[in-house]
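Asker: got a predicted structure plus its sequence, pasted below:
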Amino acid sequence: MSKQLIFTGARVIDPARNIDQVMDIGVKDGVFADPAELKDAEIIDLSGYVLAPGFIDIHVHLRQPGKTGAETIHTGTKAAAAGGFTAVVAMPNTSPCADNPGTIQLIRDCAAREGVVKVLPCGAMSKNLAGEEMAGIGGLKSAGVVALSDDGKCIQNHELMRHVVEYSRTFSLPILDHCEDKILASGGVMHEGYWSVFLGMKGMSPAAEEIMVARDAIFARMSDWKIHIQHVSCKGAIETVRNARKDGIKISAEATPHHIALTDVEIKKFDTNYKMNPPLRSEEDRIALIEALKDGTVTVIATDHAPHTETDKTVEFDYAPFGIIGLETAVNVCMTELYHKGHLTLPQLISKFTEGPADVLGLPMGTLENGRAADITILAPDEKGVVDSSKFFSKSRNTPFNGYEYTGCAAATIVDGKCVFSRIDALSAE
Amino acid sequence: MNNTPWTRKDLLSLYDLTKEEIVFILDTAEEFKKVSQRKIKKVPALRGKTVVNLFVEPSTRTRISFELAEQRLSADIINIAADASSLRKGETLLDTIKNIEALQADLIVMRHSAAGAPNFLAPRVRCGIVNAGDGAHSHPTQALLDIFTMREKFGRIEGLNVSIIGDILHSRVARSDMWGLLKLGANVTFAGPSTLVPREFIKAGVRVCDNLKDALVGADVVNLLRIQHERQRSGFFPSTGEYAKVFGLNSDSMKYIKPDALIMHPGPINRDVELSSALADCPQSVILEQVTNGLAVRMAVLFLVAGCLK
């Protein structure tokens, strides 16, 4: 691909700058540039497509180092590219866990070598994710982490959590918190509600999530610092976020495609591809989540891409690990469930993948502004298809969306001006 | 027994069955009950078939009942207990079952602590799966023997008022009874400490009571569930002593039930906790008849599913 490009004919949507019109987008040496100033640019016709800022998935498990049988930085970022993402935030629950600069460096080196899209490492809040002692946050910042999280292992000690939130403000590192009271949720394998009662399975009470979200709202207020609620899933927790945001507290929240599309009724199939944490909730919760996406309470969509091997997942429901993959289905599912069902406009939906996560991270990303890195996601908003997990680039297959009929998907992914994935004839991946 | 409406190679849960299928099992069980009353109690119905009893969770009464039912049907039997199996060596359940299947077993009777374990296996294997209890999910043969016993006594199920009392939350018996009884037209009431009786059951058409009296008045059948001591440690109720006082069936609370009401219990009984010792042995108690009927019901189930193997 030449150093100068002009994308023409596409409907350009850049929610951060309120742009939604057919216009030319120029790229020079990997950054956005005014097309009028480009002399020898290759012209690429994208008529019929939507051109958006590169999608950012703020919640991904790449499993490297430690569990490379399920995913690697290479396969995970390839899956991200195929799903339309130009950057992913890599959660720290690797092995060894990302609670130290050395592991962060290892991840960054590997990503530089084998990564297909940008990998933004997230550091641990506590040492070894044990929730007992604060991790070396200053060192993690120097090593290049973009956020802090004990994902999956919510810090139960409120005093430690309070100190972590206060201390991270010094380093401008947002907190990404998986909110779960471990005692209330202990032993649970699905949402506590109608279906857990009928199936006789141990439920995870929504109270376990609500209590920790309320705690986080309190600490975000006290510390005047950013806490982002990962995969918010229940009505009560959403209400807490909504009220806190109204009060000007620096709290934000993400929704996953599976919580947007599915509910706990699926568990009656005993298919472990429906087992994740937080669990699929009730229809009432699902509707509340869509409402929260509409009114701006939830500003981010993230996948919680959690690869597990087939061996690990092909067991009794109680014994299966939590988590499903999502990078290669997120855009398809959200275009279908949110845009085509009339809940969100395209600019609103795109904002959840671009402006929303960029705001949480406080990074200059998620917009097509000249001078910024030329990360682009091209969408085919009306293309129909069926998800076929056997064709995934991810190393794992643990998805509940195999066979899902979608309308709308990613058509090409461009990182720093280089096409890394494309299903468009006019644009070929390098 | 031609023209069978039975077409399943597995019995997983009464939730899956139609009213007609449940009635057909009960009718078949009646025939097998007669077999157990003969001088020679054995029939050749499963001769040449191999049945594996895989008990991943310990069980005494259900395992013995199945084993005897298999012997009465002339099946070849293999018993596997979890402690002695490769599951303890890290083999997956699916691999264990595949190995059993490679030995040309025809039926697997399985008890498992994880809800849905038989549902997970059934579509993945050729042999038939009979659920002998999976977690708190389902225990279809227990419910069938409960319903069989009620039908034998009252001649019908439709319109019967059945109250099930105790730890409903953790009970696969309560759930299976509920599905079977509701499908056959009975009125089902659940009662017990409110921490152990989820109100979600109301949505299925069950009446949920917080006190014993409401559950006993007008009941034709009172089915008492064992209170498990480990629940007390989890803080669901303060003590078994308090439980016995508030929710136990004893001479005090007995005055609320009809004189011809049946007292049932899936066993094992904790005497003087959920049921006073005197009442366990009183004429209204059909607890041992349940055990006898369990044999007939399990013979019927094994016979029917074996007839549907490919």
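Answerer: Looks like it came in fine.
Asker: thought residue B:250 was touching residue B:244?
Answerer: Yes: here residue B:250 reaches residue B:244: they are 7.5 Å apart, a contact under CB atoms under 8 Å. Any C-beta I mention is one placed from the backbone N, CA and C, and that applies to glycine too.
Asker: more neighbours, the two?
Answerer: Higher neighbour count among residue B:250 and residue B:244: residue B:244, with 18 against 15, using other CB atoms under 10 Å in any protein chain shown.
Asker: ok, for that one, nearest residue in space, not its chain neighbours?
Answerer: The shortest distance from residue B:244 to any residue other than its chain neighbours is 5.0 Å, reached at residue B:273 (CB to CB, 6 or more residues apart in numbering or on different chains).
Asker: shared neighbours, residue B:250 and residue B:244?
Answerer: Residues touching both residue B:250 and residue B:244 (CB atoms under 8 Å, 6 or more residues apart in numbering or on different chains) are residue B:272.
Asker: now do the phi/psi pair for residue A:125.
Answerer: Note on residue A:125: backbone dihedrals following degrees, to the nearest 10 are phi -80, psi -40.
Asker: and it, what does it touch?
Answerer: With contact set as CB under 8 Å, 6+ apart, residue A:125 has these partners: A:134-135, A:137, A:148-150, A:155, A:161, A:164, A:168, A:175.
Asker: mind checking pLDDT for residue 144?
Answerer: All of this refers to chain A. Listed pLDDT for residue A:144 reads 98.
Asker: try chain B instead
Answerer: pLDDT at residue B:144 comes out at 98.
Asker: without its sequence neighbours, what residue ends up closest to it?
Answerer: The spatially closest residue to residue B:144, leaving aside those adjacent along the chain, is residue B:297, at 4.6 Å (CB to CB, 6+ apart).
Asker: and the gap between residue A:55 and chain B?
Answerer: Residue A:55 sits 35 Å away from chain B, going by CB to the nearest CB, to the nearest Å.
Asker: now secondary structure and distance to chain B too, for the contacts of residue A:125, in a markdown table please.
Answerer: Shown next, in a markdown table, are the contacts of residue A:125 (DSSP: H, G, I helix; E, B strand; the rest coil; distance: CB to the nearest CB, whole Å):
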| residue | secondary structure | distance to chain B |
| --- | --- | --- |
| A:134 | strand | 33 |
| A:135 | coil | 33 |
| A:137 | helix | 37 |
| A:148 | strand | 34 |
| A:149 | coil | 30 |
| A:150 | coil | 27 |
| A:155 | coil | 24 |
| A:161 | helix | 25 |
| A:164 | helix | 31 |
| A:168 | helix | 36 |
| A:175 | strand | 32 |
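Asker: where exactly do the strands run in chain B?
Answerer: For chain B, the strands defined by DSSP state E occupy B:50-55, B:76-81, B:107-112, B:128-134, B:161-165, B:187-191, B:207-209, B:221-224, B:262-264.
Asker: out of the ones you listed, nearest to chain A?
Answerer: For the strands of chain B, the distance to chain A is smallest for strand B:107-112, at 7.0 Å, taking CB to the nearest CB.
Asker: wouldn't residue A:200 be in contact with residue B:139 here?
Answerer: No: with contact defined as CB under 8 Å, residue A:200 does not count as touching residue B:139 (9.7 Å).
Asker: any chance of the contacts of residue A:125 in TSV, plus pLDDT and neighbour count?
Answerer: Shown next, in TSV, are the contacts of residue A:125 (pLDDT from 0 to 100; neighbours: other CB atoms under 10 Å in any protein chain shown):
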residue	pLDDT	neighbour count
A:134	98	18
A:135	98	24
A:137	98	21
A:148	98	29
A:149	98	29
A:150	97	29
A:155	98	27
A:161	98	24
A:164	98	26
A:168	98	25
A:175	98	28
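Asker: pipe those into TSV and attach distance to residue B:258 per row.
Answerer: Output for those, formatted as TSV (distance: CB to CB, whole Å):
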residue	distance to residue B:258
A:134	66
A:135	67
A:137	70
A:148	65
A:149	61
A:150	58
A:155	57
A:161	58
A:164	63
A:168	67
A:175	62
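Asker: and the nearest residue to residue B:184 once chain neighbours are set aside, its phi and psi?
Answerer: Nearest residue to residue B:184, sequence neighbours excluded (CB to CB, 6+ apart): residue B:157, at 4.0 Å. Dihedral pair for residue B:157: phi -120, psi -30, per degrees, to the nearest 10.
Asker: how about residue A:7?
Answerer: phi -90, psi 130.
Asker: go ahead and confirm it touches residue A:46.
Answerer: Yes: under the criterion of CB under 8 Å, residue A:7 makes contact with residue A:46 at 5.3 Å.
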